[in-house]
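S.K.: Got a predicted structure plus its sequence, pasted below:
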Amino acid sequence: MSAPAASTTHDTAALNVLKRVWGYDAFRGVQADIVRTVAGGGNALVLMPTGGGKSLCYQVPSLLRPGVGVIVSPLIALMKDQVDTLRALGVRAAFLNSTLSLDGVREVESALMRGDLDLLYVAPERLLLPRTLDLLDRAPVALFAVDEAHCVSQWGHDFRPEYQGLNVLPDRYPHIPRLALTATADDRTRADILNVLQLGGAPQFISSFDRPNIQYRVANKEGPKTQLLDFINAEHRGDAGIVYCLSRKSVEETARWLQTQGVDAVAYHAGLPPRERNSAQERFLNEEGLVVVATVAFGMGIDKPNVRFVAHLDLPKSMEGYYQETGRAGRDGLPSTAWMVYGLADVVNVRRMLASSDAPEEVKRVEAAKLDALLTYCEAATCRRQVLLSYFGEELPAPCGNCDTCLNPPSVRDATREAQMALSAVIRTGNRFGAAHLTDVLMGHATERVVSLGHHQLPTFAVGAAHDEKYWRGLLRQLVSLGYLAAGEHHGLSATGKARAILKGEQTLALREDTLAPRPSKRDRDR
Ligand code: ADP
Ligand code: ZN
């Protein structure tokens, strides 16, 4: 090895600290490079998925450099635990946030001034107080680590206005190393972080978000419980898994149904008594093959290596949510499955929920864009892993070979004419009917409702008789997913501005064949 002598010495010192304090033998992946950079006085941006090992990237350099490592974190609820854990390892750690009494604050401040701290966790609003900054002006500081750095960005899903005040760090302490860490950063968020913390010239350590052992699959929702059972029976009988549902009610129903079908399953949601929740969690951690059916409340901080599948019976809210939830599968690196079903009703529901929320316009726009990204992923006809990773700013050079679209490529077919039929059915019926009624009109079903509304006399009536109901529902779902139709009150669909180009024939539309292909199917409406 031809590394310069100085860096070898540093590396040895870092490894010694790692071994002595944490008992670990080696750094993981890019940790060693990050520690070397920051311990040597440099700035850095660290992008690493959750569980990747971000903490050591600032903890080790804080111990190697003179002075205290100041960690800015918005997660006040976690600070005490983090500090307790570090103290148990013999590290002189403390925190400053609004949960401390005045005496508590004074005690930490004087330890800081005496130079008796290795690590200080501080909430952003506390750091920005003139009083805290005055103290930091006078205390020796080893480095500033800004954890959850994506909070600086309005584009991010946890925007915190205080984080924008962190531009005080480069202005006021230009010579103290700054380290920004996050597990979620698309291009815009990353640009915001670099800007606020002035990390323009700093090295960026980007760990891959790819989880090659997870097989990603998304299917059209037909009979979700039966689809789930078939999936478990065919591929994951006796395996530990997590099934996510949106509502507490569907959590309980699904768990009960799985039990009657001989699958060892328990329900978990925030509405259950704590005793029941704890026992579900304990069982999940300790038993080999338990399936937990849960709302998103389940999973935070659960580190079980051999979860073999994560199933979604309802759409997550964003790509970030999907990535985090599916990421609980296969931590041991063995083959695992991320499986999801979704249907027209889901798309309509989430779109409507979003449109009717009273969040500020700005926030709604960001959320809508995030949902669009997820729906694009769901409707993808190309490698899912490529779509997923590109959302996180990472390019996978070739299709992965381990997702449903790679393993079983859907054909894409021009559906412009059918889309025109569907859009004109929507418009001619007044932009207010749901998919079931529209399908009746398109297929020429003269139901009582169709007749009483006079819709059997429309020129669009029966123009789509050549296709079956499932075809039209699949097509309508894709039109909603892709933003040509908007969802309003009572599942009503209306044409958006985007639809015009298709209606005028200025734009063509290619859609996935598999969801369009007529198959022998029972009449099932995915409500
Ligand atoms: P993140 O903050 O990125 O979510 P953490 O810093 O909490 O991740 O680390 C996740 C887990 O990995 C922790 O249990 C941590 O102790 C462990 N870990 C991190 N780095 C190493 C390492 N070099 N050797 C062994 N375990 C490690
Ligand atoms: Zn693929």
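M.R.: Ah, there it is. Ligands and ions are numbered 1, 2, ... in the order given.
S.K.: contacts for the lengthiest helix in the chain?
M.R.: Of all the segments of type helix in the chain, defined by DSSP state H, the longest one is helix 361-379. Helix 361-379 is touched from outside by 154-155, 157, 218, 315-320, 322, 340, 342, 347, 350-351, 354-355, 357, 359, 384, 387-388, 391, 478, 481-483, 512, with contacts defined as CB atoms under 8 Å, 6 or more residues apart in numbering. From N, CA and C alone the C-beta is placed, and that goes for glycine too.
S.K.: wait, does that helix contact ligand 2?
M.R.: No: judged by CB under 5 Å from the ion, helix 361-379 makes no contact with ligand 2; its nearest approach is 11.7 Å.
S.K.: Check the offset of that helix from the chain's centre.
M.R.: 12 Å (CA atoms, centre = their mean, to the nearest Å).
S.K.: Format the CA atom coordinates belonging to the next helix or strand after that helix as PDB.
M.R.: Later in the chain than helix 361-379, the nearest helix or strand by DSSP states H and E is helix 384-391. Below are the C-alpha coordinates for helix 384-391, written out as PDB (Å, rounded to 0.1, in the frame of the first residue of the first chain):
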ATOM      1  CA  ARG A 384     -38.100  -0.600 -11.500                       C
ATOM      2  CA  ARG A 385     -34.800  -0.400  -9.700                       C
ATOM      3  CA  GLN A 386     -33.500   2.100 -12.300                       C
ATOM      4  CA  VAL A 387     -36.600   4.200 -11.700                       C
ATOM      5  CA  LEU A 388     -36.300   4.000  -7.900                       C
ATOM      6  CA  LEU A 389     -32.600   4.800  -7.800                       C
ATOM      7  CA  SER A 390     -32.800   7.600 -10.300                       C
ATOM      8  CA  TYR A 391     -35.300   9.200  -7.900                       C
END
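S.K.: helices and strands around whichever helix or strand comes after helix 384-391, which ones?
M.R.: Sequence-wise, the next helix or strand downstream of helix 384-391 (DSSP H and E) is helix 404-407. Helices and strands touching helix 404-407, as assessed by 3 or more CB pairs under 8 Å, 6 or more residues apart in numbering; DSSP states H and E, comprise strand 214-220, helix 384-391.
S.K.: tell me the mean pLDDT for the longest one?
M.R.: In this case it means helix 384-391. The average pLDDT within helix 384-391 is 91.
S.K.: re earlier: filter the contacts of helix 361-379 down to the buried ones and express that as a ChimeraX selection.
M.R.: The following ChimeraX line selects those of these that are buried, judged by 16 or more other CB atoms under 10 Å:
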select :155,157,218,315,316,317,318,319,320,322,340,342,347,350,351,354,384,387,388,391,478,481,482,483,512
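S.K.: Just the contacts of helix 361-379: which are in strands?
M.R.: 218, 340, 342, 512 (DSSP state E).
S.K.: List the residues that contact the last one.
M.R.: Each residue near residue 512 by CB under 8 Å, 6+ apart is listed here: 379, 381, 410, 411, 412, 478.
S.K.: Lowest-confidence one in these?
M.R.: Out of the contacts of residue 512, that is residue 411, at 84.
S.K.: hang on, the earlier thing: kindly reformat the contacts of residue 512 as CSV containing distance to residue 82.
M.R.: Listed next are the contacts of residue 512 as CSV, based on distance: CB to CB, whole Å:
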residue, distance to residue 82
379, 40
381, 44
410, 46
411, 51
412, 49
478, 45
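S.K.: buried subset of those residues?
M.R.: Neighbour counting over the contacts of residue 512 (16+ other CB under 10 Å) leaves 379, 381, 410, 478 as the buried ones.
S.K.: The third one contacts residue 381, doesn't it?
M.R.: Yes: taking contact to mean CB atoms under 8 Å, the distance of 5.2 Å between residue 410 and residue 381 places them in contact.
S.K.: I'd guessed residue 271 sits against residue 247; true?
M.R.: No: Residue 271 lies out of contact with residue 247 (CB under 8 Å); the separation is 10.1 Å.
S.K.: And the spatially most central residue of the chain, how far from ligand 2?
M.R.: Closest to where the C-alpha atoms of the chain average out (CA atoms, centre = their mean) is residue 320, at 1.7 Å. Counting by CB to the ion, to the nearest Å, the separation of residue 320 from ligand 2 is 20 Å.
S.K.: repeat for residue 138
M.R.: For residue 138, the distance to ligand 2 (CB to the ion) stands at 55 Å.
S.K.: got a list of what that residue touches?
M.R.: Contacts of residue 138 (CB under 8 Å, 6+ apart): residue 113.
S.K.: do you know how far it is from residue 511?
M.R.: Remark: distance between residue 138 and residue 511 (CB to CB, to the nearest Å) = 65 Å.
S.K.: What of residue 373?
M.R.: 18 Å.
S.K.: Which pLDDT value goes with residue 420?
M.R.: Per-residue confidence at residue 420 stands at 97 (pLDDT).
S.K.: Could you number the chain from 492 rather than 1 from now on?
M.R.: Fine by me, first position is 492 from now on; the one you just mentioned is residue 911.
S.K.: my read: it touches residue 992, true?
M.R.: No: Residue 911 lies out of contact with residue 992 (CB under 8 Å); the separation is 10.9 Å.
S.K.: who has more neighbours, the two?
M.R.: A count of neighbours by other CB atoms under 10 Å puts residue 911 above the other of residue 911 and residue 992, at 18 against 13.
S.K.: Which element, helix or strand, includes that one?
M.R.: Secondary structure from DSSP H and E places residue 911 in helix 907-919.
S.K.: from the chain's centre, how far out does that helix sit?
M.R.: With CA atoms, centre = their mean as the basis, helix 907-919 stands 34 Å off its chain's centre.
S.K.: Mind listing residues that contact the next helix or strand after it?
M.R.: Helices and strands here follow DSSP H and E; after helix 907-919, the next one along the chain is helix 926-934. By CB under 8 Å, 6+ apart, the surrounding residues in contact with helix 926-934 are 835-836, 839, 912-913, 916-917, 920, 924, 936, 938, 940-941, 946, 949, 951-956, 958-960, 963-964, 967-968, 982, 984, 1016.
S.K.: Helix 926-934 - what's its average pLDDT?
M.R.: Computed over helix 926-934, the average pLDDT equals 95.
S.K.: That helix versus helix 907-919: what angle between them?
M.R.: Angle of helix 926-934 versus helix 907-919, following axes from the mean of the first three to the mean of the last three CA atoms, to 10 degrees, is 120 degrees.
S.K.: mind listing what's buried in the very next helix or strand once past helix 926-934?
M.R.: Remark: after helix 926-934, the chain's next helix or strand is helix 939-943, criterion DSSP H and E. Using 16+ other CB under 10 Å as the test for burial, helix 939-943 gives residue 941.
S.K.: for stretch 740-754, same thing?
M.R.: For stretch 740-754, burial by neighbour count (16+ other CB under 10 Å) applies to 741, 742, 743, 745, 746, 748, 749, 754.
S.K.: how about CSV for these, with distance to ligand 2 and secondary structure added?
M.R.: Listed next are the buried residues of stretch 740-754 as CSV, based on distance: CB to the ion, whole Å; DSSP: H, G, I helix; E, B strand; the rest coil:
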residue, distance to ligand 2, secondary structure
741, 29, helix
742, 30, helix
743, 34, helix
745, 28, helix
746, 31, helix
748, 31, helix
749, 29, helix
754, 28, coil
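S.K.: Specify which member of those residues is nearest to residue 554.
M.R.: Residue 554 lies nearest to residue 742 out of these, by CB to CB, at 43.9 Å.
S.K.: Tell me the confidence at the residue of the stretch 692-841 of the chain found nearest ligand 1?
M.R.: Residue of the stretch 692-841 of the chain nearest ligand 1, by CB to the nearest ligand atom: residue 794 (6.9 Å). pLDDT for residue 794: 71.
S.K.: What's opposite residue 587 in the beta bridge?
M.R.: residue 613 (DSSP bridges).
S.K.: Where does pLDDT dip in the stretch 642-791 of the chain?
M.R.: Per-residue confidence for the stretch 642-791 of the chain (pLDDT under 70) gives these ranges: 647-648, 676, 791.
S.K.: Get me the contact residues on the stretch 892-1018 of the chain for ligand 1.
M.R.: By CB under 6 Å from any ligand atom, no part of the stretch 892-1018 of the chain sits against ligand 1.
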